[in-house]
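**Student:** Return atomic coordinates for the entry below.
(chains A and B)
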2 protein chains.
Amino acid sequence: MVFSGFVYKQLQKISGKSNVTREKEELLCYSYDSTGKSFLPDAVVFPGCEDEIVRILKLASKENIITIPRGAGSGMTGGSVPVKGGLVIVTSRMNRILEIDEDNFVLKVQPGVIVADIHTSVEEKGLFYPPDPASSSICTIGGNVGECAGGPRAVKYGVTRDYVLGLRAVLPSGEIIQTGVSTVKGVAGYDLTRLIVGSEGTLAIVTQITLKLLPKPFAVKTLAVVFDNMIKAAKTVSGIMKETIIPRCVEYLDRAALDLVKDHLSFELTKETQALLILEVDGDDASVKRDAQRIEHLCLSYGATKVLSASDPKAAKKLWDARKALSPVMYKIATNKINEDIVVPINKIPDLVAFTQKLQEKYSLKVVAFGHAGDGNIHCNILYDKSDKSQAQRAQNAVDELFDVTLRLGGTITGEHGVGMTKLKYLPLEIGTVQLELMKGIKKVFDPQNILNPGKIFS
Amino acid sequence: MVFSGFVYKQLQKISGKSNVTREKEELLCYSYDSTGKSFLPDAVVFPGCEDEIVRILKLASKENIITIPRGAGSGMTGGSVPVKGGLVIVTSRMNRILEIDEDNFVLKVQPGVIVADIHTSVEEKGLFYPPDPASSSICTIGGNVGECAGGPRAVKYGVTRDYVLGLRAVLPSGEIIQTGVSTVKGVAGYDLTRLIVGSEGTLAIVTQITLKLLPKPFAVKTLAVVFDNMIKAAKTVSGIMKETIIPRCVEYLDRAALDLVKDHLSFELTKETQALLILEVDGDDASVKRDAQRIEHLCLSYGATKVLSASDPKAAKKLWDARKALSPVMYKIATNKINEDIVVPINKIPDLVAFTQKLQEKYSLKVVAFGHAGDGNIHCNILYDKSDKSQAQRAQNAVDELFDVTLRLGGTITGEHGVGMTKLKYLPLEIGTVQLELMKGIKKVFDPQNILNPGKIFS
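**Tutor:** Below is the predicted model of the structure:
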């Protein structure tokens, strides 16, 4: 698609000359996301308000221009990658926190707000927004809504979907819709809010998000638990959940993951160490103390070799820094990685973990597994070099086998990253034809011209 | 619509002669719900399994027969009332708990299971299914899914939507769909699960429900707090929430409600008593004790005249019995009632409560207000006699004004009862034309012939 001068001028008129570009150097910056896959857009626009988005989409539907909403581009499945070219609409200028309603525990934000800024702003007021994806320091809340982001605290607090009360959004036609409520409850009509959450920018462009907040927990305690055997660690996870303790985080790191971040660790990585669990409990002082003790005993009874308790927030932060560094660090040791955020039932984690080990041996590829074990969501990273044809083929086969085993264990191919472009061809493994046709029908209701982020989820 | 002998014989063939009826005496029993509105169906069928529903719906779409799914008929907005006649499909025979997966905190049930049976079954195993609508001893989980039922515990634990992980359902065409996951997380494709939850049986007939469970709380404490002024009670509600205590229930009863259940109360209803709050906290022993004390102090500081603490589960049950008796008891004092489950932001409850008082005086009608104040969800009951034309008109005007004020306070016209038939004409007050068209478009994708529960939500 090549933009006509007329269309480009219209865009300049709508958002201002300095907020539209078609310089190749700049287009490149908006061509990719965390998958590393890159497709050049034809132009990029940075609207400053909802009204500009309305006018941009009216223009786009009139001229039949493909449009792709984009937050920070930190997605893991290519949700914001312009696979068919077109106009990328970046929300970075719409980054205002509109209202923190302390009386009603409700937050209103624009889509371009960085998630970490939400955390800081509400925690200052004794409030709490739980979803905290690993990329929270750079990712936007709009992107989180688009992909239904999760993160480590989902085991206790749920995912983005559970906090979105209502939305303002613009349809591809340029019409504004307002969905959901500003209250905790509401069931008037079909649940358009949760239909748009996780729809990966294919149904509407979100312009305002109403979020539910919680009171900030009084106390938090972080534990690092070392194992000499990854199966023991995996069994401990379901053991903890069965004891009816719900930690707010249960993160798993295998040895390969630990090797990658060993400089960040607050303990020595001995030869025997095969897995680490990072566990975090919150609540009031008494319950946190009690739960941490119960977890420590339980871990030792399951064969943990060491339980380290973070003595203060700084020590806890150090542990989390290691965990959060994992994704970026991986690019250092391999040219390419496939990161699959599969989920299995909690009591199947030992099977999955054993399988990742086998996968590594079978295909002679490095497999790094870590993630949110408390809800069965393991990020399975297969490292390879794309330029080596045999490696690329082996990586592909390994992914196929991984999804097959995941589904046979009763799981799903994506817990929080979405389908985007990279899992598109796998979706039919999990979702039957009838459901896919329903989804395509819904897409058509919202976007009859198929101009909004085409080529995602289902072709 | 009159059934041909052929169609009726086919139904008998599918579900057995004893499981189909068109006897007028029996049709009457399936003609109404808790609204009291009654429309005769042409026939009623009681399928025993999903396959029968598939065959019934295939027959219905071939013969263009209107079908209406029905649980226990305890709905509050006529969701299961056959307003256009047709075939009522009652799920009462599909009442099996299929699996309680203790390892993974997951429950699989058929739609006809009574909600109280779910509570009993999972609590025996130390697990917890929080949603608990007032009708839980008779209502079905299928109906709860259809309407996205709430109940008093929603203030801490959320509503039905928050516990439905996945569904099996049959489309009007007779095709089976499977949505969502059996794991805590999952974002593969559009969220059909939560689209069907709360769709009031207009999109598909649910045949199996996968629910998330929690560990059962260690301890529960119930408090009854008496006020001599309803505004003081309303202000206390937002006061408690602001203190960052999240009780699991915060129920409000005004004087009129208390009068209705005075025989059930465990304290003397003096002339001064104007409102009651029932508050319940759960957690471990220490936090329950601490939270109960904090709440007691807070209530007294807001002007409560008395705080009664239920000494044991029996005393707590007595308090709840009074609360649960409210809806049925109301029919004793008035021929008709309009029960509106409006929601306002928590800090607007005092305004709403003051308004209900004014409404009563303005229209010379008894207004009974009670409900889930902790999430701003007040059940406002306007009592009248339908046969008195002036009363009926005044009641209608009062409802119009109530909805108008609710929306101006930033609320919604339905927190948990749904739109059904009774709020159909009010939906456009809250939901704009563009959103309504989207909903109608979605309905068409699922049900192109419009044979599944027509005349609900939007015409």
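**Student:** for chain B, what are the nearby residues on the stretch 201-350 of chain A?
**Tutor:** A:203, A:214-216, A:238, A:241-242, A:244-246, A:283-284, A:286-287, A:290, A:343-347 (CB under 8 Å from any CB of the partner chain). (Each C-beta comes from the backbone N, C-alpha and C, glycine too.)
**Student:** now those: which count as buried?
**Tutor:** A:203, A:214, A:216, A:238, A:241-242, A:244-246, A:283-284, A:286-287, A:290, A:343-347 (16 or more other CB atoms under 10 Å in any protein chain shown).
**Student:** Point out the ones among the residues you listed that are inside helices.
**Tutor:** By the criterion of DSSP state H, membership of those in helices covers A:238, A:241, A:242, A:286, A:287, A:290.
**Student:** any idea of the mean pLDDT in whichever strand or helix holds residue A:382?
**Tutor:** Per DSSP states H and E, residue A:382 falls inside strand A:377-384. Across strand A:377-384, pLDDT averages out at 93.
**Student:** same deal with stretch A:187-195?
**Tutor:** Across stretch A:187-195, pLDDT averages out at 97.
**Student:** on that earlier part again, now do the strand holding residue A:382: which elements does it pack against?
**Tutor:** Counting contacts by 3 or more CB pairs under 8 Å, 6 or more residues apart in numbering or on different chains; DSSP states H and E, strand A:377-384 is packed against helix A:313-333, strand A:336-343, helix A:349-363, strand A:366-372, helix A:389-408.
**Student:** so of these, which one's packed in deepest?
**Tutor:** Each of those was scored by mean neighbour count; the highest is strand A:366-372, a mean of 25, by mean count of other CB atoms under 10 Å in any protein chain shown.
**Student:** Residues touching the host helix or strand of residue A:259, excluding its own?
**Tutor:** Residue A:259 is part of helix A:255-260, with elements assigned from DSSP H and E. With CB atoms under 8 Å, 6 or more residues apart in numbering or on different chains as the test, helix A:255-260 has contacts from A:230, A:265, A:269, A:273-276, A:325-326, A:329-330, A:333, A:366-370.
**Student:** What's the separation between residue A:91 and chain B?
**Tutor:** 20 Å (CB to the nearest CB, to the nearest Å).
**Student:** from memory that residue sits against residue A:110, does it?
**Tutor:** Yes: Residue A:91 lies in contact with residue A:110 (CB atoms under 8 Å); the separation is 7.4 Å.
**Student:** Mutual contacts of these two, please.
**Tutor:** By CB under 8 Å, 6+ apart, the residues touching both residue A:91 and residue A:110 are residue A:142.
**Student:** For residue A:100, name its beta-bridge partners.
**Tutor:** residue A:107 (DSSP bridges).
**Student:** From residue A:122, how far off is it?
**Tutor:** 6 Å (CB to CB, to the nearest Å).
**Student:** hang on, the earlier thing: buried set for the helix holding residue A:259?
**Tutor:** Residues of helix A:255-260 classed as buried: A:255, A:256, A:257, A:258, A:260 (neighbour count, 16+ other CB under 10 Å).
**Student:** that older thread, can I get the ones in helices among the buried ones among the residues of the stretch 201-350 of chain A next to chain B in TSV with pLDDT and distance to residue A:354?
**Tutor:** Output for those, formatted as TSV (pLDDT from 0 to 100; distance: CB to CB, whole Å):
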residue	pLDDT	distance to residue A:354
A:238	84	14
A:241	80	19
A:242	77	20
A:286	84	38
A:287	85	34
A:290	90	33
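**Student:** Between all of the residues you listed, which two are separated the most?
**Tutor:** Using CB to CB, the pair of those lying farthest apart is A:238 and A:286, separated by 26.2 Å.
**Student:** interface residues of the stretch 1-150 of chain A facing chain B?
**Tutor:** Counting by CB under 8 Å from any CB, the stretch 1-150 of chain A sits next to chain B at A:101, A:102, A:103, A:104, A:105, A:106, A:126, A:147, A:148, A:150.
**Student:** quick one, what contacts the fourth one?
**Tutor:** In other words, residue A:104. Taking CB under 8 Å, 6+ apart, one finds A:182, A:183, B:345, B:346, B:347, B:376 in contact with residue A:104.
**Student:** Return the closest of those with respect to residue A:456.
**Tutor:** residue A:182 (29.7 Å).
**Student:** Please list all residues in contact with that closest one.
**Tutor:** So residue A:182 contacts A:104, A:106, A:108, A:165, A:166, A:210, B:345, B:410 (CB under 8 Å, 6+ apart).
**Student:** Correct me if wrong: the second one contacts residue A:211.
**Tutor:** Yep, that's residue A:106 we're talking about. Yes: at 7.1 Å, residue A:106 counts as touching residue A:211 under the criterion of CB under 8 Å.
**Student:** Which residues are in contact with each of those two?
**Tutor:** Common neighbours of residue A:106 and residue A:211 (CB under 8 Å, 6+ apart) are residue A:165.
**Student:** Can you show me the CA trace of the helix holding residue A:259 as PDB?
**Tutor:** Taking C-alpha atoms only, helix A:255-260 is exported to PDB below (Å, rounded to 0.1, in the frame of the first residue of the first chain):
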ATOM      1  CA  ARG A 255      18.900 -24.000  35.400                       C
ATOM      2  CA  ALA A 256      19.300 -22.600  31.900                       C
ATOM      3  CA  ALA A 257      17.400 -19.500  33.000                       C
ATOM      4  CA  LEU A 258      19.500 -19.200  36.200                       C
ATOM      5  CA  ASP A 259      22.700 -19.300  34.100                       C
ATOM      6  CA  LEU A 260      21.500 -16.400  32.100                       C
END
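**Student:** Check the residues of the stretch 1-150 of chain A next to chain B for burial and list the buried ones.
**Tutor:** The buried subset of those - by 16+ other CB under 10 Å - is A:101, A:102, A:104, A:105, A:106, A:147, A:148, A:150.
**Student:** now for those residues, which pair is the farthest apart?
**Tutor:** Farthest pair in those (CB to CB) is A:102 and A:147. Separation: 28.4 Å.
**Student:** Determine which two of the residues of the stretch 1-150 of chain A next to chain B are furthest apart.
**Tutor:** Greatest spacing in the residues of the stretch 1-150 of chain A next to chain B, by CB to CB: A:103 and A:147 (30.6 Å).
**Student:** can you pull the contacts of residue A:270?
**Tutor:** Under the criterion of CB under 8 Å, 6+ apart, residue A:270 has no neighbours.
**Student:** No further questions, thank you.
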